[in-house]
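requesting a structural model of the entry that follows:
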Amino acid sequence: MNARFFPILLAVGLTSASHGVQSLEGDLRKNGDTVVSIFEEQRAVLQRSSAVVKEGRKDLCYGVVISADGYILTKASEVQKISSLSLIVDETKYENAKVVATDPTWDVALIKADAQGLQPVSYAPSSDLPQGTWVVANGASSTTRRRALVGIISAKTREIPASGGAALGVILKKDSKGLEIEAVNEKSGAQEAGLQKGDQITALDGKKVSKIEQVAEFMKDKKSGALVKVGIKRSGKELELDVRLAAKGELTDEKSRNDQMSGRFSHRRTGFPRIIQHDILGNEESVGGPLLDLEGRCIGMNIARADRAQSFAIPVEDLKVLAEQLIKNAAH
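Reported below is the predicted structural model:
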C-alpha cells in the first residue's frame, strides 16, 4: 500500500475506535506493523542511504550517506570520544571509519569510510513543509535491516537557543590571583579540549583577561557549540586550546519533571541555529540519520531527541551547506 493512503487508513482506524473501542489496535498505530509496512519505499531509502554507526557491537546512532565514496554525516557528540568506529550501510559493514571533520555549532561530524558505490540521499528542494506533513525516519534496526518510523511536522522551523546560555565549562577558584581553574566539568568542551585544574586562563580569542568580570562580558553574547580559543598558563608554559562552549543546561544532571518522563533524550538538545520539529518517537541512539518526506527525499538530518514529544532535525538547506563545508575542511 502506498504511503499516500496512510491518512485514509488512519482515519478509518480512528472511526472504528470511536465505536466502542477506546484506542487503535496495536498494528494500526503509527509504529504498528500495518502502518510501517505502508512506508516500505521510504524504508528502502533508509536501508540504502542511512548508516548505523557502531562501537564494537554497540549501536551509537545513525548517519546520513552524502557521497558514493564513503562520506557520512552524523551527530558529533555521540561519536567524538569514540576511538574505534564502524558503519553498516545497507547490509555491508565498514570497519575503521574515521571522524575527519566536525562542526560544533550544529553538533555534526563527518565520518569517512573506505567505501565505494554507496547511494547518497536525494535532497528535497525545501524543508518548508506545513505542520501536520508526514515524515519518516529510522527506528530500531537489526544488524542488516533498517526499520521506518513515521510522524508529522509538529511545529514551525525555528532556532533552539542554548539552555541557560553558553558556558565555558570550568569553575574558577575564588580569592585567587588571576583566573585559576578549580574544576573542569566532566560533560564540557573544556574537558574535551584538555583544560585542567590549576590552569591559569590568560586570554579568550586572543584578548587578554585577568578578571572574572572580563570572562562574563566575553561570554554574554556567545552561543553553545561555538569554538573559543582559550589561552592558558600551565607549569610556566603558554598554551592555546580550542574549547567548545556548552549549554549551561548540559552541565547538570538535574532533571525537570518533563525530563524524568521523557526517556533517553539526547545529551545535547539545545543550541541549534535552526531546526525542523517532528514527533517521531526515538532516543539518543535514533538521531544522526535522515528525515524523509513521502517521496523518500531528505528534508533534514535528525540531530536531537529533545523530550517525549519533540525531535529536532537540521533543515536540508543548512545540511547541504554543512556537508559541502565539512568535506572541504576534511580535504585540507
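
now for G198, how many residues are close by?
Neighbourhood size, G198 [other CB atoms under 10 Å]: 13. To be clear about C-beta, it is placed using only N, CA and C from the backbone, and glycine gets the same treatment.

residue contacts, it?
E180, I181, R234 (CB atoms under 8 Å, 6 or more residues apart in numbering).

can we see that at 7 Å?
Residues near G198 by CB atoms under 7 Å, 6 or more residues apart in numbering: E180, I181.

which SSE is it in?
Using DSSP states H and E, G198 sits in no helix or strand.

strands of the stretch 101-250 of the chain, start to end?
108-112, 134-138, 148-160, 166-167, 170-172, 179-184, 200-204, 207-208, 227-234, 237-244, 246-247 (DSSP state E, counting those that start in this stretch).

D128 is nearest to which of those strands?
Closest of these to D128 is strand 148-160, at 7.2 Å (criterion: CB to CB).

strand partners of that closest one, parallel vs antiparallel please.
strand 134-138 (antiparallel), strand 272-278 (antiparallel) (DSSP bridges).

what comes into contact with the shortest one?
What that stands for is strand 134-138. Applying CB under 7 Å, 6+ apart, the set of residues contacting strand 134-138 from outside is 6, 39, 42, 46, 50, 62, 146, 148-153, 278, 280, 286, 289, 291-294, 299, 302.

so where do the helices sit in the stretch 201-332 of the chain?
Taking DSSP state H, counting those that start in this stretch as the criterion, the stretch 201-332 of the chain carries its helices at 212-219, 257-260, 316-330.

single out the most deeply packed of these.
Highest mean neighbour count among these (mean count of other CB atoms under 10 Å): helix 316-330, with a mean of 17.

mean pLDDT lowest where, among the helices of the stretch 201-332 of the chain?
Confidence, taken as mean pLDDT, is least for helix 257-260 of those (a mean of 52).

of all the helices of the stretch 201-332 of the chain, which one is nearest K81?
Closest among the helices of the stretch 201-332 of the chain, using CB to CB: helix 316-330, at 18.8 Å.

that closest one packs against which elements?
For helix 316-330, the elements it packs on are strand 92-103, strand 108-112, strand 298-305, judged by 3 or more CB pairs under 7 Å, 6 or more residues apart in numbering; DSSP states H and E.

what angle do that helix and strand 298-305 make?
80 degrees (axes from the mean of the first three to the mean of the last three CA atoms, to 10 degrees).

please renumber the chain so that the first residue is 42 from this point on.
Got it, first residue is 42 now, which makes that one helix 357-371.

relative to strand 133-144, how tilted is helix 357-371?
Angle, helix 357-371 to strand 133-144, by the same axes, to 10 degrees: 90 degrees.

for helix 357-371, C-alpha coordinates in CSV please.
Output in CSV follows, covering the C-alpha atoms of helix 357-371 (Å, rounded to 0.1, in the frame of the first residue of the first chain):
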residue,chain,number,x,y,z
VAL,A,357,18.1,20.3,4.3
GLU,A,358,19.1,23.8,3.2
ASP,A,359,21.6,24.1,6.1
LEU,A,360,22.6,20.4,5.9
LYS,A,361,23.7,20.8,2.3
VAL,A,362,25.9,23.8,3.2
LEU,A,363,27.3,21.8,6.2
ALA,A,364,28.1,18.8,4.0
GLU,A,365,30.0,20.8,1.5
GLN,A,366,32.0,22.8,4.1
LEU,A,367,32.9,19.7,6.1
ILE,A,368,34.1,17.8,3.0
LYS,A,369,36.2,20.9,2.1
ASN,A,370,37.6,21.0,5.6
ALA,A,371,38.5,17.3,5.6
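
can you give me how far that helix is from the chain middle?
Between the centre of helix 357-371 and the centre of its chain there are 15 Å (CA atoms, centre = their mean, to the nearest Å).

next: stretch 352-364.
The mean C-alpha position of stretch 352-364 is separated from the chain mean by 10 Å, CA atoms, centre = their mean.

same question for stretch 208-220.
Relative to its chain's centre, stretch 208-220 lies at 30 Å (CA atoms, centre = their mean).
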